[in-house]
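Novice: need a structure here:
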Amino acid sequence: MYSLKIKGLALLTAIISIHAMSAQFQVKLADLDHGSVRVAPALPADGVVAPDTELTITAIPELGHEIDAIYYTVQGGMWGTTSYEFFSAKETIKVTKDMTIGATFVNRELVDDLTIYRDVVYAKPGKKVLKYDVFAPKGGENLPMVVIIHGGGWSSNNEDIMRALAWELAKENTYIVASIDYRWINSLDGDETPNSMHHLVEDVFGAIAHLQENAAKYGANPNNIAVTGDSAGGHLSAAAATLSDQIGTGDYPTDFKLVPTYLPENKTAEQVGEEIRNAIKAAAPSYGVFDVNPLNQFISQTDIAYRNGLSPIKNVPSSELREIPHFLTRGTKDGLISHEMVQAYVDTLEAKGQKAVYLQVEEAGHAFFDWKPDATTRSTFDKYGVPYAAKMRAFFDEVFY
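Specialist: Have a look, this model is predicted:
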């Protein structure tokens, strides 16, 4: 009997040991460009790490570069993997999953002349804190401002994903560039009451109102604004350019009035609407959605008036009332946004007397303006994003300079 107890205890110990081994995680180092990382404690040769191990990551740029971000990437999320970034030279992370760790680096010439304001909070309408980043040339005064609105299916990503585009648009020291975040659609932010599409547009207008109020701090002219964004941000930037007539006091589904998520003190929604309407002088929506009617998976409202109200293609003003020159791009191998979708918007713009420059980017797929830690996304940006950001900036120069 005693022997049986010993055997049972040994078996239990073995089971616990096997379970503990199975709970260990694999940590890999990413292949890095323009720098390296130091990990403490050092990773074992097989990369197997016990749960809750704390790893301190130090990023070391090579000559001529600066640290962009330390990151780790895990499986899961809308796009198959999710990366968590830290804009610092040293960061401690806890290992709770299999992960890849690394750092990204940026050419010093792109950022040396910039003052970067990170995570400026402009509103908190629900659980998610809404914020933006500003990339301001040092010593800049009264410069036009470009507002970037990120993509991600209205349901993922944040303002960080557009920072490489911000670097490129700001690098001639002629623009203040702001990259903004907004609520995700439905209940993806954890809000008990689902967010509808008009809430996201109200967030965009709220961010612009906050930027206008604080323009002097950043060196910007609050009355000279261009908007751009890609994919879902293409829709939202086109909405910012075309839907400002709807800003006012009321309820959107009832009165079809958009109330900016942030309103400066002592200003009405109508006053803010007029200021935004007069300030937005150019738009550059990239591979965007301009008619939201087919978006059944994102929009629960079936009312056609609701959907038309949030579709830029249905709300283009006559150039006699307000000129909004547009610069549009789309990759020829984009599997999400067709040429016909963009061309229909271009045709509508031109029918209203608006200037529209539409460039198809040969061989490019979707989301070539994005910037993420993975090498594929970054090389895609270098190949397509950099030259077409320069074309976008040249287009804005024609408007503001």
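Novice: now do the domain split for the chain, please.
Specialist: 25-106, 113-400 (automatic domain parsing).
Novice: mean neighbour count, these: which tops it?
Specialist: Greatest average neighbour count among the domains of the chain goes to domain 113-400 (a mean of 20), per mean count of other Cβ atoms under 10 Å. C-betas here are computed from N, CA, C, even on glycine.
Novice: from the opening residue of that domain to its closing one, how far?
Specialist: End-to-end distance for domain 113-400: 21 Å, by Cα to Cα, to the nearest Å.
Novice: give me the phi and psi angles of residue 105.
Specialist: Main-chain torsions, residue 105, degrees, to the nearest 10: phi -130, psi 150.
Novice: on that earlier part again, need the domains of the chain in CSV (columns: mean pLDDT).
Specialist: Below are the domains of the chain laid out as CSV (pLDDT from 0 to 100):
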stretch, mean pLDDT
domain 25-106, 95
domain 113-400, 97
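Novice: and residue 271, which helix or strand is it part of?
Specialist: Using DSSP states H and E, residue 271 maps to helix 269-279.
Novice: meant to ask about residue 285, not that
Specialist: According to DSSP H and E, residue 285 maps onto strand 280-286.
Novice: ditto for residue 146
Specialist: Residue 146 belongs to strand 143-149 when assigned by DSSP H and E.
Novice: give me the angle between that strand and strand 280-286.
Specialist: On the basis of axes from the mean of the first three to the mean of the last three Cα atoms, to 10 degrees, strand 143-149 is oriented at 40 degrees to strand 280-286.
Novice: show me how far the helix or strand just after strand 143-149 is from its chain's centre.
Specialist: Later in the chain than strand 143-149, the nearest helix or strand by DSSP H and E is helix 163-170. On the basis of Cα atoms, centre = their mean, to the nearest Å, helix 163-170 sits 12 Å off its chain's mean C-alpha point.
Novice: kindly report the same for stretch 164-172.
Specialist: What separates the centre of stretch 164-172 from the centre of its chain is 15 Å, taken as Cα atoms, centre = their mean.
Novice: name the nearest residue to residue 168, ignoring sequence neighbours.
Specialist: In space, not counting the residues next to it along the chain, residue 168 is nearest to residue 389; the distance is 3.7 Å by Cβ to Cβ, 6 or more residues apart in numbering.
Novice: typo on my end, it should be residue 210
Specialist: Using Cβ to Cβ, 6+ apart, the nearest residue to residue 210 is residue 122, at 3.8 Å.
Novice: wait, the one you found touches residue 262, no?
Specialist: Yes: between residue 122 and residue 262 there is a contact under Cβ atoms under 8 Å: 5.0 Å.
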